[in-house]
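# Here's my sequence, what's the structure:
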Amino acid sequence: MGEMPEETVRELYTVLPEQFTAARDAAAAAAKAAGHGAQATAIKRLRRPTVAAWLVNLLAHRAPERIGELTALAAELRDAQRQLRGADLRTLTVRRRELLSALTEQAADLAVRAQPTLSPAKLPLTEVEQTLAAALADDGIAAQVRAGAVVKAVSYTGFGAALPSGDEPDDNEPSGVDDDRAETGGRATARGTVRASGVRAAGRTAARTGPAAPTEGRTAARQGPVTATEPARVARTAVAEVEPPVPVRLRRELDAARDAEQRARGEVDTARAAEASAVDELAQLRDALAALEERRGRAQQEANGRRAARTAAERALAAAVRRTAKAQAAIDAATA
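Predicted structure coming up:
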């Protein structure tokens, strides 16, 4: 990132994408005010990441040790490819799938922690996994991932080029940056076409193990068919075991199925949350009803007590009235 401090890169590429432009402009203004004109210009050229790229950057900055695992696995895969160790390649393929899945889930968890209102079901996790897979195969993409400054997600099919994943375009692209080639001097990067260096390296290594001299070739020709291209064929087979080519239609169907699965998971989570809320509300209503029943019992007892007191008071009043009438009669008789 040139003259920019790592802290600036980390702060900008871990804020929410919709906040990136404002944060970038503020950082550029602060650098310019401090007298760092070149740094301000470099900051101003930074491009806003897509949501998928932001998730990858979060992972790189919040859990760099996991990206280290990805780098280590890439080295093991390249070594196994060069030495044509088929059994190791199959084992590493299983590790590759497990690690990509774990890293993708961790990226989603980090995103929800950063913005609790986000729904994992609505995050572009397929594009995150594709970008991490591309980092396994291409050193240029791996460098961007380790730096935590990915701008667009990419996909990698195992042969040929890593291609843009189709994320939403950057509508806050800074002035002076026309396209990806303007930033890289014409060299394609993770936002364009990149070379499948691991595959080609395996092919070149295998090709060098072929016939060493024309004389050997003529001798082999006289003896019958030879397998001069056998190492290259084995290399291609070994590489295919790691990442077999997948038809575009099937990949799209797989992506659609994964998206549907994510949506279904989100719906299940929502339904579970709604169920838990309803159970809590029912428990609260039951508690309130029990309290009301208790209050009703106490009120009934109090009413019964007051009714008994009223009855006793009425009886006492009647007795007093009778005594008064009797006394009045006695007085009338005495004065007659």
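
# drop to CA atoms for contacts and neighbour counts, all remaining ones
Fine.

# backbone phi and psi for the closest residue in space to Ala60 that isn't next to it in sequence, please?
Nearest residue to Ala60, sequence neighbours excluded (Cα to Cα, 6 or more residues apart in numbering): Gly148, at 5.1 Å. When read as degrees, to the nearest 10, the backbone of Gly148 gives phi 70, psi 40.

# Likewise for Ala312?
Note on Ala312: backbone dihedrals following degrees, to the nearest 10 are phi -60, psi -40.

# What about it, how many residues nearby?
For Ala312, the neighbour count with other Cα atoms under 10 Å is 12.

# Also Met4?
Met4 has 15 neighbouring residues, counting by other Cα under 10 Å.

# How much space separates it from Arg82?
Between Met4 and Arg82 the distance is 38 Å, computed by Cα to Cα, to the nearest Å.

# ok, now how distant is the residue nearest to Ala60 from Ala53?
If you go by Cα to Cα, the gap between Gly148 and Ala53 works out to 9 Å.

# Report the contact partners of His61.
Counting by Cα atoms under 8 Å, 6 or more residues apart in numbering, His61 makes contact with 10, 14, 148.

# Please indicate which of those are buried?
Buried members of the contacts of His61, scored by 16 or more other Cα atoms under 10 Å, are 10, 14, 148.

# And those, which is closest to Ala260?
When the buried ones among the contacts of His61 are compared for distance to Ala260 (Cα to Cα), Thr14 wins out at 27.6 Å.

# ok so, going back, sort out which one of the contacts of His61 lies nearest Ala63 for me.
Gly148 (10.5 Å).

# measure the residue most central in space within the chain to Ala114 for me?
Centroid-nearest residue in the chain: Ala108, 1.7 Å away (criterion: Cα atoms, centre = their mean). Computed as Cα to Cα, the Ala108 to Ala114 distance reads 10 Å.

# now swap in Lys326 and tell me
92 Å.

# Val150 now?
18 Å.

# who's more crowded, those two?
Val150 (28 against 14).

# Spell out the secondary structure type for the closest residue to Gln144 other than its chain neighbours.
Distances taken as Cα to Cα, 6+ apart put Val150 closest to Gln144, at 5.6 Å, once the chain neighbours are dropped. Under DSSP: H, G, I helix; E, B strand; the rest coil, the three-state class of Val150 is coil.

# How confident is the prediction for Val150, by pLDDT?
Per-residue pLDDT puts Val150 at 93.

# so what's it up against?
Counting by Cα under 8 Å, 6+ apart, Val150 has contacts 49, 53-54, 56-57, 144.

# change it to 7 Å
Residues in contact with Val150 (Cα atoms under 7 Å, 6 or more residues apart in numbering) are 49, 53, 57, 144.

# again, but for Ser119
Residues near Ser119 by Cα under 7 Å, 6+ apart: none.

# For it, give me phi and psi.
When read as degrees, to the nearest 10, the backbone of Ser119 gives phi -110, psi 120.

# How about the one 4 residues further on?
Reported as degrees, to the nearest 10, the phi and psi values for Leu123 are phi -80, psi 150.

# and it, how far is that from Val56?
Distance from Leu123 to Val56, by Cα to Cα: 12 Å.

# okay, those two: which has more neighbours?
Per other Cα under 10 Å, whichever of Leu123 and Val56 has more neighbours is Val56, with 37 against 20.

# so the more buried one sits right up against Gln130, yeah?
No - shown here, Val56 and Gln130 do not form a contact pair, counting by Cα atoms under 7 Å, at 10.5 Å.

# What is the helix or strand hosting Ala291 packed up against?
Per DSSP states H and E, Ala291 falls inside helix 248-334. For helix 248-334, not one helix or strand is in contact under the criterion 3 or more Cα pairs under 7 Å, 6 or more residues apart in numbering; DSSP states H and E.

# For Glu288, grab the count of nearby residues.
One thing to correct before we go on: residue 288 is Ala, not Glu. 12.

# no, scratch that, I was asking about Ala256
Neighbour count of Ala256, defined by other Cα under 10 Å: 13.

# what does Arg24 give?
Arg24, neighbours per other Cα under 10 Å, totals 23.

# Next up, phi/psi of the residue nearest to Gln144, please.
phi -70, psi 140.

# What of Ala63?
According to degrees, to the nearest 10, Ala63 has phi -140, psi 60.

# separation between it and Ala147?
Ala63 is 12 Å from Ala147, by Cα to Cα.
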